[in-house]
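Chemist: fold the following, please.
(one chain, ligands or ions: 2)
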Amino acid sequence: MNNKKKIIDLSLGDRINQVFYIKEAEFRLRRDGRAVDGFLKISDSSGEIEAVYWDIADKKLKQIEKMQFAQIEGQVSKKKSGGQMQLSIKSIGEAPDSSLEGLIPSTKLDIEQLMQDIDSKIATIKNQYLRELLLSFFGDPILRERFKKAPAAKKLHQAYRGGLAEHTLNVSRICESICHIYPQVNRDFLISAALLHDIGKIEEYQLDGIIEHTDEGKLIGHIVIGTEMVTEKIKQIKDFPEDLAIMFKHALLSHHGKFEFGSPKLPSILPAIALFYADDTDAKLNGIVSLKEQNKDIDKKWSERVWWLDRPIYLAEHNIIEESTEDLAE
Ligand SMILES: [Fe+2]
Ligand SMILES: [Fe+2]
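Modeler: Ligands and ions are numbered 1, 2, ... in the order given. Purely as a prediction, here's the structure:
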């Protein structure tokens, strides 16, 4: 029996036995301390689904922790709380050795097109030092390949291969709009900072397999890593103005906007403030769009509490807005 199905096509009661990519795995000890249950997020190229594995043997748990891909047998059921679909795992084992690249969640956009769009932006930068700085990254074939593979985040937004390219381009486009409204903001500076603001993520995350921080990512983080990378490149650019270097590094270091979000400095020049809001706008909007996407088949008005907003989100607003929009058009 061929019971292979894409996650997006799964429906209640389906039985499956196939290979998935393990995106996240969390193990919880039951209150009585007698058993451990596994809560996994598994995915294929079409999407992701929660999977639960009740009462895992100790040996199995250690095995799962090391797995990137797994052969999973189970049945689609409904979660008691919330009513989302989930997979109840019957058995889980090593995936047979074959090319599993296709299972890694990736951007739905064309990555080569995204890179071309970034190149076109670079071509519009008139400041020769900033353009040279950008080309020292995006013109380097090794860094370029790493950039293409990187996610923008582990969970919150664009958490998939190519996510960094998507996010970087979005932020630069938001910055472009800001420059139209506020011509006082230096466009060359802001767009260049937008294109490099998260460059440290190519070292912060593992680029093969599961999205996980590297040791360097955990210990130093992309803000400082990125600033160090930029400092190194600037050193190789002849006569790069020192003050410009300080302003540029300030924009990178301050782009998270708050100490508690990992920025060692608060944005204190106009383009750095613009960059912080542009970055935050894309991260938050993308996070909400994917939250709505994940909840689209669930018949409930409110999401669970969203940890990065510290509140639940009302999910059914589009029906109300669309209905009233039709009325207006009549
Ligand atoms: Fe960042
Ligand atoms: Fe960012």
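
Chemist: the strands in this structure, which residues?
Modeler: Applying DSSP state E to the chain gives strands spanning 15-29, 36-44, 47-53, 69-78, 85-94.

Chemist: could you dump those into JSON lines and include mean neighbour count, mean pLDDT and distance to ligand 2?
Modeler: No exception for glycine: its C-beta is placed from N, CA and C like everyone else's. Shown next, in JSON lines, are those (neighbours: other CB atoms under 10 Å; pLDDT from 0 to 100; distance: least, CB to the ion, whole Å):
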{"stretch": "strand 15-29", "mean neighbour count": "16", "mean pLDDT": "89", "distance to ligand 2": "21"}
{"stretch": "strand 36-44", "mean neighbour count": "19", "mean pLDDT": "90", "distance to ligand 2": "22"}
{"stretch": "strand 47-53", "mean neighbour count": "19", "mean pLDDT": "89", "distance to ligand 2": "22"}
{"stretch": "strand 69-78", "mean neighbour count": "18", "mean pLDDT": "91", "distance to ligand 2": "29"}
{"stretch": "strand 85-94", "mean neighbour count": "17", "mean pLDDT": "91", "distance to ligand 2": "31"}
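
Chemist: okay if I get these as a markdown table plus distance to Phe276?
Modeler: Converted to a markdown table, the strands of the chain look like this (distance: least, CB to CB, whole Å):
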| stretch | distance to Phe276 |
| --- | --- |
| strand 15-29 | 28 |
| strand 36-44 | 30 |
| strand 47-53 | 30 |
| strand 69-78 | 38 |
| strand 85-94 | 37 |
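
Chemist: looking at these, which is nearest to Ala272?
Modeler: With respect to Ala272, and counting by CB to CB, the nearest of the strands of the chain is strand 15-29 at 33.3 Å.

Chemist: and the contacts of the closest one?
Modeler: 3-5, 7, 10, 35-44, 48, 51, 56, 61, 64-65, 67-76, 87, 95-96, 100, 103-105, 210-211 (CB atoms under 8 Å, 6 or more residues apart in numbering).

Chemist: that strand: how far from the chain's middle?
Modeler: 20 Å (CA atoms, centre = their mean, to the nearest Å).

Chemist: that one pairs with which strands?
Modeler: Partners of strand 15-29 in the sheet, by DSSP bridges, are strand 36-44 (antiparallel), strand 69-78 (antiparallel).

Chemist: the first one versus strand 47-53: what angle between them?
Modeler: With axes from the mean of the first three to the mean of the last three CA atoms, to 10 degrees as the basis, strand 36-44 and strand 47-53 are set at 160 degrees to each other.

Chemist: before we move on, what about the last one?
Modeler: Here the directions of strand 69-78 and strand 47-53 differ by 90 degrees (the same axes, to 10 degrees).

Chemist: which other residues reach strand 69-78?
Modeler: Residues from elsewhere that reach strand 69-78, judged by CB under 8 Å, 6+ apart: 10-22, 42, 49, 51, 64, 84-96, 100, 103.

Chemist: if we use 7 Å, what do you get?
Modeler: Outside of strand 69-78, the residues within contact range by CB atoms under 7 Å, 6 or more residues apart in numbering are 10-22, 42, 51, 85-96, 100, 103.
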